[in-house]
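**Student:** how would this look folded up:
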Amino acid sequence: MITQPVDIEWMFPRHPRSVGHARVQLLRQAYAWRVPDETTETALLLLSELVTNACRHARGPRDRLIGVRFAVTECGALRVEVADANPDLPEPRQAGPEDEGGRGLELVEALAASWGARPRGPGHVGKIVWFELKPE
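**Tutor:** Sure thing, here's the model as predicted:
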């Protein structure tokens, strides 16, 4: 895996198909960066959860885009960020056994080395939810 800081960003429409498009971009980039397969598989799962949440829960006009950023940090971790127009920071919740959803952030919390959420910078609406994976 490469060790120098590198990052790349994409913008996707707030549409369920964007989940698959974001996964394809991550898969291509992980291959180019020689990210280990296990790390890539985990990143794809967690990316799917975050982009799905952005598509379902982001408020505002449908034409607002979802930003996706992938980076390799100086310490070699894979960092994935998903930005949307909803300013409400997410919190994991306890899904019941009969609930069909509500486990996405539980997965992120369980599988990521670290994760978090923060408001987007000045001049931007919404938030960024991110996670990092450390290749083994």
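**Student:** mind listing what's buried in the longest helix along the chain?
**Tutor:** With DSSP state H setting the assignment, residue counts place helix 37-57 as the longest helix in the chain. Within helix 37-57, the residues that count as buried by 16 or more other Cβ atoms under 10 Å are 39-40, 42-44, 46-55. In this view, the C-beta of every residue, glycine as well, is placed from N, C-alpha and C.
**Student:** average pLDDT across it?
**Tutor:** For helix 37-57, mean pLDDT rounds to 94.
**Student:** Mind giving me the packing neighbours of the helix or strand bottoming out on mean pLDDT in the chain?
**Tutor:** Within the chain, no helix or strand scores below helix 104-111, which has a mean of 88 by mean pLDDT, DSSP states H and E. The contact analysis (3 or more Cβ pairs under 8 Å, 6 or more residues apart in numbering; DSSP states H and E) places helix 104-111 against helix 37-57.
**Student:** redo that, cut-off 10 Å
**Tutor:** When contacts are defined as 3 or more Cβ pairs under 10 Å, 6 or more residues apart in numbering; DSSP states H and E, helix 104-111 packs onto helix 37-57, strand 114-119, strand 127-133.
**Student:** Which one of those lies nearest to Ala71?
**Tutor:** Nearest to Ala71 among the helices and strands packed on helix 104-111 is strand 127-133 (9.1 Å), distances taken as Cβ to Cβ.
**Student:** Direction included, what does that closest one pair up with?
**Tutor:** Here strand 127-133 has these sheet partners by DSSP bridges: strand 78-84 (antiparallel), strand 114-119 (antiparallel).
**Student:** For the chain, which residues score under the pLDDT cut-off?
**Tutor:** Along the chain, the model assigns pLDDT under 70 to residues 1-5, 59-62, 92-93, 95-103.
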